[in-house]
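In: no sequence on this one, just coordinates:
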RNA sequence: CCGGGUUUAGCUCAGCCUGGUAGAGCAGCCGACUGUAGAUCGGCUUGCCCCCCGUUCAAAUCGGGGAACCCGGACCA
């Protein structure tokens, strides 16, 4: 697999291909980031972007993980002290998940976002950005709540973070795309208070997993079923077993006409195969014995043809997810024991 | 600052006028059927009715006070 392929695999959107191809020519030492609001326990959505970061490390990138404490504060996630505490737990879990400690820099947002230059730049963006624009950028992140002033400042700061962290590439879930587009449109026109480079950076967007139980919409960490670092092996078995999984890549819409995905296949594609060269599906002799797959496509083909039964696929998915989660689960147990 | 509206199950809401300690839809859970899930059947759970005070034998319901949120007006002479 060449560098560009590795950098962009499983990405639903690359903005722009040309710019990322240029990075792929010499990825060594280039800087990429993802920003996360601190959260006590990583869920599979966090892990999905982390999987992409691991790809990028493999390609030679330096990874910056922004522990966005100020953003979490703006999004009403608790007192600043509480947020800082969960941020530390989050860092440990990312390392347990497989980020290379020598190639990963963890940065607290508050370590630079309160500097005078940064604050003035934020105000410059406030002047140049319409309320509508900022609100639209935030809509996906914000959820159903009524917009607060903090909600429109939030995406402006994200646009600036990419500048202040001296990045070459920004990564995020597809829900971050409007924020990234705001960065690309607004930042290049800035006067800017600092010595950083105010050029627009390319962006890479990872998929958003479908809801585990229905295949409709996106998996939510706040409601419904999600896979997280604190799940026991049994929890994962139960959750995966309950997942929506028709024997097809492309399920029919539900009765209300909502598009549906196959979340079991999505997790194989986006979480399991990027981290394991081969996947063994253990299967009782009566159903034909074990199956081995080297890539996602052949597994999905077998599910569609009926060669691989969904129940067996689920068993294998649960095992591999458990393997990915186990180190983080141990870290959490140690932290909680203190 | 002024005015109007809203607040009841996880969600959307009905009930309030005409007091008798709560309902629907959706969601969720459990079973049956499928070697998974879904669909389909069958069954089940859930409530500081925003808070406080009062009236009453009895308050989600009436009266008073307060809170949160939504919307609007005014201020710009």
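Out: In hand now; what should we look at? Keep in mind the model is a prediction, meaning the values are calculated, not measured.
In: Need the pLDDT of residue A:88.
Out: In this prediction, residue A:88 carries a pLDDT score of 89.
In: separation between it and residue A:136?
Out: Residue A:88 sits 33 Å away from residue A:136, taking Cβ to Cβ, to the nearest Å as the criterion. Backbone N, C-alpha and C define where each C-beta goes, glycine included.
In: gap between the two ends of stretch A:187-195?
Out: 14 Å (Cα to Cα, to the nearest Å).
In: Quick one: mean pLDDT over that stretch.
Out: On average, stretch A:187-195 scores 91.
In: Can you mark which positions in it are buried?
Out: A:187, A:190, A:192-194 (16 or more other Cβ atoms under 10 Å).
In: Residue A:203 is in contact with residue A:182, isn't it?
Out: No. Residue A:203 lies out of contact with residue A:182 (Cβ atoms under 8 Å); the separation is 10.9 Å.
In: Which residue of the two possesses the greater neighbour count?
Out: Remark: of residue A:203 and residue A:182, residue A:203 carries more neighbours, 24 against 21, as counted by other Cβ atoms under 10 Å.
In: Tell me what the more buried one is bridged to.
Out: residue A:15, residue A:170 (DSSP bridges).
In: Against residue A:68, how distant is it?
Out: Taking Cβ to Cβ, one finds residue A:203 at 17 Å from residue A:68.
In: re the thing from before, tell me the one of the buried residues of stretch A:187-195 nearest residue A:278?
Out: residue A:187 (43.2 Å; Cβ to Cβ).
In: Please list all residues in contact with that closest one.
Out: By Cβ atoms under 8 Å, 6 or more residues apart in numbering, the residues touching residue A:187 are A:159-160, A:162-163, A:198-200.
In: RNA strand B versus that one, what's the distance?
Out: 30 Å (Cβ to the nearest atom of the strand, to the nearest Å).
In: residues near the nearest residue to residue A:277 once chain neighbours are set aside, how many?
Out: In space, residue A:277 comes closest to residue A:294 once its chain neighbours are excluded; the distance is 7.0 Å by Cβ to Cβ, 6 or more residues apart in numbering. Residues near residue A:294, counting by other Cβ under 10 Å, number 12.
In: Next, work out how far apart the spatially most central residue of chain A and RNA strand B are.
Out: A centroid search over chain A (Cα atoms, centre = their mean) returns residue A:49, at 2.9 Å, as the residue closest to the centre. Counting by Cβ to the nearest atom of the strand, the gap from residue A:49 to RNA strand B is 26 Å.
In: ok, now which ones touch the closest residue in space to residue A:241 that isn't next to it in sequence?
Out: What sits nearest to residue A:241 in space, not counting adjacent residues and going by Cβ to Cβ, 6+ apart, is residue A:314, at 5.7 Å. Residue A:314 is in contact with A:240-241, A:243, A:245, A:264, counting by Cβ under 8 Å, 6+ apart.
In: In strands, which of those appear?
Out: Counting by DSSP state E, these place none of their members in strands.
In: Please identify which of the residues you listed is nearest to RNA strand B.
Out: Minimum distance to RNA strand B across those is 3.4 Å, recorded for residue A:245 (Cβ to the nearest atom of the strand).
In: Just give me the neighbour total for the closest one.
Out: 21.
In: Next, the contact list for the nearest residue in space to residue A:131 that is not next to it in sequence, please.
Out: Nearest residue to residue A:131, sequence neighbours excluded (Cβ to Cβ, 6+ apart): residue A:152, at 6.2 Å. Going by Cβ under 8 Å, 6+ apart, residue A:152 touches A:131, A:134-135, A:138.
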